[in-house]
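*Asks:* need the 3D shape of this:
(2 chains, ligands or ions: 1)
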Amino acid sequence: MKTIKVKVFRKQDEIHRYDTYTVTCKKGQTILDLLFHIKENLDETLSFRAFCRSGICGSCALKVNGHPVLACRTQVKTILDKGPSNKLIIEPLDGFKIIKDLIVDIEGKQEVLKRFELWLEEKKPPKNKEFKVLREEAKKYGKETDCILCLTCCSVCETLKENTPFAGPFAFVRTYRFIVDSREKDEKKKERLETSINASIWSCVQCQKCVAFCPKEIAPAQDIQKIRKETIKAGYTETPGARKLSHYLNWVYATGQINRLYLPLDVYDNEKAVREFINFCKEHGVKIWEIPHLPDGFLALRDLIVRALIKDGDIENIDFKKIRKIDEKIEKLLKGDSKCE
Amino acid sequence: MRIGFYRGCCFQGLDFVLLDVIKRVFSVFGVELPEVRKTICCGGNVIDEESRFLSTIINARNIAAAEKENLDLLISCNTCFMVINRAKKLLDNNDETKEKVNKILKEENLLYKGERKIWHLLPFIVEKIGFEKLSKKTKVKLPYRFAPYYGCHLKYPEKIVKDGSIERIIELCGGTQIHYQEEDTCCGYHSIYTDKATSLKKIKRIVDSIKEAEAEFIVTPCPLCFKGFDMLQKEAKVKTAIPVLFLPELIALSLGFSHKDSGITYHKIPVKL
Ligand code: FES
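*Replies:* All right, here's what the predicted structure looks like:
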């Protein structure tokens, strides 16, 4: 039993303020219990969303001491043990319009769900049989099926902050969940990849905040990476992101390093950037290289990469024509008639 | 003290200078940084798009190369640290993957054991060198207003640095720490080559907020964030460009190194002291 001060964000009729309530917290009490306690005993005007009280409906996400949590799954004690004092600050999720107090407007995200058609579109099952989903397959998207649409990922998303047409991490978690489901129609999978491209899948900055805060321990940023790969496999090979990945694969395979000199050229056909880079180096008396610093054992490394990729048939993604060109440069370098740092 | 240095792909071309600055600073504290020559690019969280297994094995090899020389590994880049640390955790908790990886590494006479520690530069400075030693060696006071910028991959998905570490170092160097609205915002470096418009917006958002807080310099321990801030402010159309210091540069200056030896003469946005 401990008496604490709880500061709660309030918004009514466009007026924002914080109200402070003094409460005695009990063992095992969650943030949601605390909010109900305030509403029932101290201030009936306080508004918040909750339904299942057991981490399933996703409606109670909010911010406690600056971090997003599910109110029903977060014990007051855990927060106080972490915090510097016996103070709690409860606020609505970031990144959404606030309707009232702790309730935010999620309508835009419901639109995303509709636009992405985030439900399974099944093929016909084999004649007189049912679909079987084997354990191995279920493992691929088991985590993703845990998504409860609490929108915590959107509230911390660094890409969404910039108002791009980016759909938000949750949309890609669910998309991934369906594109790896063997029951889904192939046409639908293709459609999903097109939707992902149109919804700016390559705009994700990979900050990893969604991975850090997802209350279900899903890793949305990683699902985004997996869908990116699927888009490349489906033929979207000319997006900057696809070209960047190709640069990484080819140069790491050939030299153990990416090549910052050629990266702008490989991704954006930007010759000017390469020239500027060279000039800037010259101005400062720094040597320019065509091949970055070669690590020891870079040839043995190639075997390792082949072995790692061959299993999933991904070895084709290395552009061996390009590798031969890089090898010509390496040969010159080793003979000593090329520049290197 | 000796610790293996992981070079990664951050130190190419002009950024080679940054590597020298790190070595110079560490030598003042008696830390030798032998480069682990077998280490390669961590894949920058990009190779992961192709294959998580490839990323894991590349980084198992990076760590195994250091282990073979009986060295811990020092990593200066936030993203390299995150990616290598992710591989390490996966390998340390999954015997099946570890075995699969080691079978392939064996061909190069390498073995991933997972016994050596991997360090990011900032926690290494805080825990192994320590504020006391740092403050004893500082000679030049830098009475400026510095905005600390940690960078996402030191904090997310996992926090590996104590709050206030950069702030402490700023103060030891004679500076004032400035807090600003957007200090937790991502610099957008990783979208420069996937969606440049987004990364420019990120830079602008942060720099404008730093300007508003009236800081004179940005300080960051991540060479990628550093590069983003130094290279892209003009293109991002910030209100006023703010020079940025890579954390070891700040320390080098306060240790009394010349401007050239501290690396600051190589910046795109001039550092005027
Ligand atoms: S009330 Fe349903 S998840 Fe919290």
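*Asks:* write out the residues of chain A neighbouring the ligand.
*Replies:* A:50-53, A:55-60, A:70, A:72 (CB under 6 Å from any ligand atom). Where C-beta positions appear, they are placed from N, C-alpha and C, glycine not excepted.
*Asks:* again, 8 Å this time
*Replies:* A:32, A:49-61, A:70-73, A:148, A:150 (CB under 8 Å from any ligand atom).
*Asks:* mind checking which of those are in strands?
*Replies:* The members of those that map onto strands under DSSP state E are A:61, A:70.
*Asks:* list the contacts of the residue nearest to B:Gly174 when sequence neighbours are not counted.
*Replies:* Nearest residue to B:Gly174 in three dimensions, chain neighbours excluded: B:Lys141, at 3.1 Å (CB to CB, 6 or more residues apart in numbering or on different chains). By CB atoms under 8 Å, 6 or more residues apart in numbering or on different chains, B:Lys141 lies in contact with B:173-174, B:254.
*Asks:* circling back: mind checking which of the residues of chain A next to the ligand are buried?
*Replies:* A:32, A:49-50, A:55, A:57-61, A:70-73, A:148, A:150 (16 or more other CB atoms under 10 Å in any protein chain shown).
*Asks:* quick one: A:Ala122 from A:Ile15, how far?
*Replies:* One thing to correct before we go on: residue A:122 is Glu, not Ala. A:Glu122 sits 50 Å away from A:Ile15, going by CB to CB, to the nearest Å.
*Asks:* higher neighbour count, those two?
*Replies:* Using other CB atoms under 10 Å in any protein chain shown, the more surrounded residue of A:Glu122 and A:Ile15 is A:Glu122, with 12 against 7.
*Asks:* with adjacent residues omitted, what lies nearest to that one?
*Replies:* In space, A:Glu122 comes closest to A:Arg183 once its chain neighbours are excluded; the distance is 5.1 Å by CB to CB, 6+ apart.
*Asks:* which residues does the one you found contact?
*Replies:* A:120, A:122-123, A:125, A:131, A:133.
*Asks:* go on, A:Ala138?
*Replies:* By CB under 8 Å, 6+ apart, no residues touch A:Ala138.
*Asks:* wait, is it part of a helix?
*Replies:* Yes - according to DSSP: H, G, I helix; E, B strand; the rest coil, A:Ala138 belongs to a helix.
*Asks:* and the pLDDT for it?
*Replies:* On pLDDT, A:Ala138 comes in at 93.
*Asks:* again, but for B:Tyr144
*Replies:* With respect to pLDDT, B:Tyr144 has a value of 98.
*Asks:* so it makes contact with B:Gly175?
*Replies:* Yes - counting by CB atoms under 8 Å, B:Gly175 is a contact partner of B:Tyr144 at 5.3 Å.
*Asks:* which one of these two is surrounded by more residues?
*Replies:* B:Gly175 (24 against 18).
*Asks:* what helix or strand does the residue lying closest to that one once chain neighbours are set aside sit in?
*Replies:* Leaving aside its sequence neighbours, B:Gly175 sits nearest to B:Phe146 (CB to CB, 6+ apart; 4.6 Å). Assigned by DSSP states H and E, B:Phe146 belongs to strand B:145-148.
*Asks:* now do A:Ile90
*Replies:* Per DSSP H and E, A:Ile90 falls inside strand A:87-91.
*Asks:* again, but for A:Val6
*Replies:* Going by DSSP H and E, A:Val6 is part of strand A:2-12.
*Asks:* same check, this time on B:Lys211
*Replies:* Counting by DSSP H and E, the element that carries B:Lys211 is helix B:196-212.
*Asks:* with just CA atoms, put the next helix or strand after that helix into CSV.
*Replies:* For helix B:196-212, the succeeding helix or strand toward the C-terminus, using DSSP H and E, is strand B:217-220. Coordinates of each C-alpha in strand B:217-220 appear next as CSV, following Å, rounded to 0.1, in the frame of the first residue of the first chain:
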residue,chain,number,x,y,z
PHE,B,217,26.6,22.2,-31.7
ILE,B,218,25.1,18.7,-32.0
VAL,B,219,27.1,15.9,-30.4
THR,B,220,26.5,12.3,-31.3
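*Asks:* give the pairing partners of strand B:217-220; include direction for each.
*Replies:* Applying DSSP bridges to the sheet, strand B:217-220 is found paired with strand B:145-148 (parallel), strand B:244-246 (parallel).
*Asks:* looking at the ones you listed, which is nearest to the ligand?
*Replies:* strand B:145-148 (35.3 Å; CB to the nearest ligand atom).
*Asks:* wait, B:Arg205 sits on B:Gln181?
*Replies:* No - using CB under 8 Å, B:Arg205 is not in contact with B:Gln181; the gap is 9.1 Å.
*Asks:* ok, now which ones touch residue 10?
*Replies:* Answering for chain A, as no chain was given. Each residue near A:Arg10 by CB under 8 Å, 6+ apart is listed here: A:16-19, A:46, A:101.
*Asks:* ah, no, chain B please
*Replies:* Contacts of B:Cys10 (CB under 8 Å, 6+ apart): B:18, B:76-77, B:80, B:223-224, B:227.
*Asks:* now A:Lys325
*Replies:* Applying CB under 8 Å, 6+ apart, no residues contact A:Lys325.
*Asks:* hang on, it in a helix?
*Replies:* Yes - under three-state DSSP, A:Lys325 falls within a helix.
*Asks:* now, of the contacts of A:Arg10, which are buried?
*Replies:* A:46, A:101.
*Asks:* so which of the contacts of A:Arg10 are in strands?
*Replies:* Secondary structure from DSSP E places A:16-19 of the contacts of A:Arg10 in strands.
*Asks:* which among those gets closest to B:Phe5?
*Replies:* A:Tyr18 (48.6 Å; CB to CB).
*Asks:* chain neighbours aside, what residue packs nearest to that closest one?
*Replies:* A:Tyr18's closest residue in space is A:Lys7 (CB to CB, 6+ apart), at 5.0 Å.
*Asks:* circling back to that earlier point, between B:Arg205 and B:Gln181, which has more neighbouring residues?
*Replies:* With neighbours defined as other CB under 10 Å, B:Arg205 and B:Gln181 compare such that B:Arg205 has more, 21 against 13.
*Asks:* which residues touch that one?
*Replies:* Under the criterion of CB under 8 Å, 6+ apart, the neighbours of B:Arg205 are A:161-162, B:182, B:185.
*Asks:* ok, which pair from those residues is furthest apart?
*Replies:* Within these, A:Glu162 and B:Glu182 form the most distant pair, 12.1 Å apart (CB to CB).
*Asks:* circling back: put together CSV for the contacts of A:Arg183, with pLDDT and secondary structure on each row.
*Replies:* Output for those, formatted as CSV (pLDDT from 0 to 100; DSSP: H, G, I helix; E, B strand; the rest coil):
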residue, pLDDT, secondary structure
A:Leu120, 90, coil
A:Glu122, 86, strand
A:Lys123, 86, coil
A:Pro125, 82, coil
A:Phe131, 87, coil
A:Val133, 88, coil
